[in-house]
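> structure of the sequence below:
(2 chains)
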Amino acid sequence: MSLTPIAILLGGFILLLALNVPVAFSMVLACIGALWWQGTIPISTVTMKLYSGIDTFPFLAIPLFILAGGLMEQGGISQRLVRLASNLVGHIRGGLGFVVVVSEIFFSGISGSSIADASAIGSLLLPSMVRAGYTAARATAIVAAATGMGMMIPPCLNMVVLGAVANISIAGLFMGGFLPGFLMALTLMLVIYLQSSRGTLPGATSARPSLREVLISMRDSVVPLMMPVIIFGGIFAGIFTATEAAAVATVYAFIISFFVYQEITRQDLYKILVDTAVMTGVVSLLVGAATGFSWILATYQVPRMIGDSIVSVGGGQYTFLILTIAVFLFFGMILDGLPAILIFFPILMPIALSLGVHPLHFGVLVIAVVGIAIVAPPIGLCLVILCSLAKIKLTDTMQPLIPYTAILVADLVIIAFWPWLVLFLPTFFKL
Amino acid sequence: MKKIGDNLIEAVSAVIVVALTVIVFVQVFNRFVLKTPLAWSEDLAMLLFQWVVFLGAAIGVKRMRHFGIELVVRHLPARLRRGVELLSPLVMAIVALVMIFQGWTLLTFNWTRTFATMDLTYKWAFAPIPLAGILILVYLVQLEVRRWREGAHAKEGHGP
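Sure thing, here's the model as predicted:
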């Protein structure tokens, strides 16, 4: 079998990508070129994959989670959770830095666009950090690192898409993401704590809130905290699927933000709905295009060839997992998380299975890596966005980012070599 | 007139997102509360999902929201960059044409095939593909016309 079609597929794709043609369209055209050269497989297969690649029920969770996320962030739910975070941890040494990390746990990467997430959180928290005495560069570095961590905390869209594409349980990915996510949050907070004791960061930024204030913010948070309870409680108790959980959460978020808080107007609502459709289209077109792309690669047995060459190098699981981290760090940085997952996960997954890596462990590791990649210096997409929000040069954040990036990469190695951390909860809940 | 057309597509996509959410919510409600699961809800939701995907992807072209890498292009010399900027709409137009013609073929193949759970044929599920192709072409032309006008305008504004 001649490999020319594969050369056309990969070469064409990389060339178009480098010339700023959108990823999904580059993939479709490269597929068409490869099949046209090959001659026997009808080109309409590519169009059919755009449809069939997303035609299973788990993919329906994409618009629903994006919509739920949009309603939460613009309808007052997320702001109340941030206030709770600030009252709970704001007075401890490390103060506002902790608030950023805890808020990121509540926000998490649900909107589907890491760029949207980074700009929402950045515009919410950066100004108050600068006011509290953080340098703009250091504040940006902390928000960037926390955003990377937050991409890991379920319910994140990367997990929904990865689960649907690779046919891995989305509930299992959610469950598996918790402990590694908390590990990343705790280690980040440890670095922030050490830095503020050494005087690198401002100390406690707010006075200890009175018990009354804490109680009030807790009371205000009961309604917003029902969101995660609905999503996770419902999924883990086996009441509904991830897709259905997203629909219930959306209805709940709509009732709360539109009727109870009355913080979104009809115009806001319309904008959120259209944005949801656009984001869903962008993500799903990419899924469909990647389905055709990896289908052609599989037809030519490319994944098996890569697998064989990795096996022949030796080192087994560990070499492979380190390689996985490197691949997703690099491509996550230049491509954004979702495209990187969609291109490389289907190629690497069969190899992981043949080396005895648990699919949930592999999936969660990849989610963690792309989360960090998008904020990694020098070209992580979210870092670029945050720098433009804070009006600083990218190079200024390099030095402050070093400790946070270092600790997150250390976390990655722990997650890679200690599967128990990922697998404990899913096994415990029999997912 | 053009404005109404644009807003119409956005409004339709917004309405479908609402319909989709309601259908999945009703599905849970019927199964979990009323204990009478619906047969058609999943199929109908998936059909509407395809509409959201392809309409949304087309609006994404208009709003330039599709993921791409600017990194390399940004470092090209200005004259070369202008040439490269034309490549992206050209590729999208080719893909749009493929979506129109092959989407239409898929549509005609499935003209009479009906869903097992609903009194609907699969042509409704495939219709958004060629429709999105047409919309993408329209939006690309609009974008290029606007860019060309702005370019001409900028030249007048900045002397010879």
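
> show me where the stretch 251-400 of chain A has helices.
Assigned by DSSP state H, counting those that start in this stretch, the stretch 251-400 of chain A shows helices spanning A:266-299, A:302-313, A:316-335, A:337-354, A:359-373, A:381-390, A:394-417.

> repeat that for chain B.
B:2-32, B:41-62, B:71-74, B:78-109, B:123-126, B:128-157 (DSSP state H).

> just these: most buried one?
Neighbour counts (mean count of other CB atoms under 10 Å in any protein chain shown) averaged over each of the helices of chain B peak at helix B:41-62, with a mean of 24. C-beta here means a position set from N, CA and C on the backbone, and glycine is covered the same way.

> and the angle for that one with helix A:266-299?
Using axes from the mean of the first three to the mean of the last three CA atoms, to 10 degrees, the inter-axis angle of helix B:41-62 relative to helix A:266-299 is 100 degrees.

> anything in helix B:41-62 near chain A?
Yes. Contact of helix B:41-62 with chain A is found when judged by CB under 8 Å from any CB of the partner chain, involving B:42, B:45-46, B:49-50, B:52-60.

> and the closest residue to chain A within chain B, what does it touch?
Across chain B, the shortest distance to chain A (CB to the nearest CB) belongs to B:Gly56, at 2.4 Å. Neighbouring residues of B:Gly56 by CB atoms under 8 Å, 6 or more residues apart in numbering or on different chains: A:276-282, A:284, B:13.

> quick check: nearest residue in space to it, chain neighbours excluded?
Nearest residue to B:Gly56, sequence neighbours excluded (CB to CB, 6 or more residues apart in numbering or on different chains): A:Gly281, at 2.4 Å.

> tell me the pLDDT at that neighbour?
Looking at A:Gly281, its pLDDT is 91.

> list the contacts of it.
B:52-60.

> repeat the analysis, applying 6 Å as the threshold.
B:53, B:56-57, B:60 (CB atoms under 6 Å, 6 or more residues apart in numbering or on different chains).

> do A:Pro63 as well
A:276, A:280, B:17, B:52.

> with A:Ile372 instead?
A:148, A:408.

> how close does A:Val99 sit to A:Pro22?
36 Å (CB to CB, to the nearest Å).

> same check on A:Leu124?
For A:Leu124, the distance to A:Pro22 - CB to CB - is 29 Å.

> so where's the chain uncertain?
In the absence of a named chain, chain A is used. Confidence mapping of chain A against pLDDT under 70 gives the ranges A:1, A:93-94, A:107-117, A:200, A:202-207, A:378, A:431.

> wrong chain, I was asking about chain B
Checking chain B against pLDDT under 70 turns up B:1-6, B:152-160.

> chain A contacts on that one?
Within chain B, the positions adjacent to chain A are B:10, B:13-14, B:17, B:21, B:24-25, B:28, B:42, B:45, B:49, B:52-53, B:56-57, B:59-60, B:65-70, B:72-73, B:84, B:87-88, B:91-92, B:95, B:102 by CB under 6 Å from any CB of the partner chain.

> so who does the spatially most central residue of chain B touch?
Nearest to the geometric centre of chain B sits B:Ala58, at 2.6 Å (CA atoms, centre = their mean). Contacts for B:Ala58 were tallied using CB under 6 Å, 6+ apart; they are B:132, B:135-136.

> save the residues you listed as a markdown table, and put in distance to A:Leu297 too.
As requested, these are exported to a markdown table (distance: CB to CB, whole Å):
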| residue | distance to A:Leu297 |
| --- | --- |
| B:Ala132 | 25 |
| B:Leu135 | 30 |
| B:Ile136 | 26 |
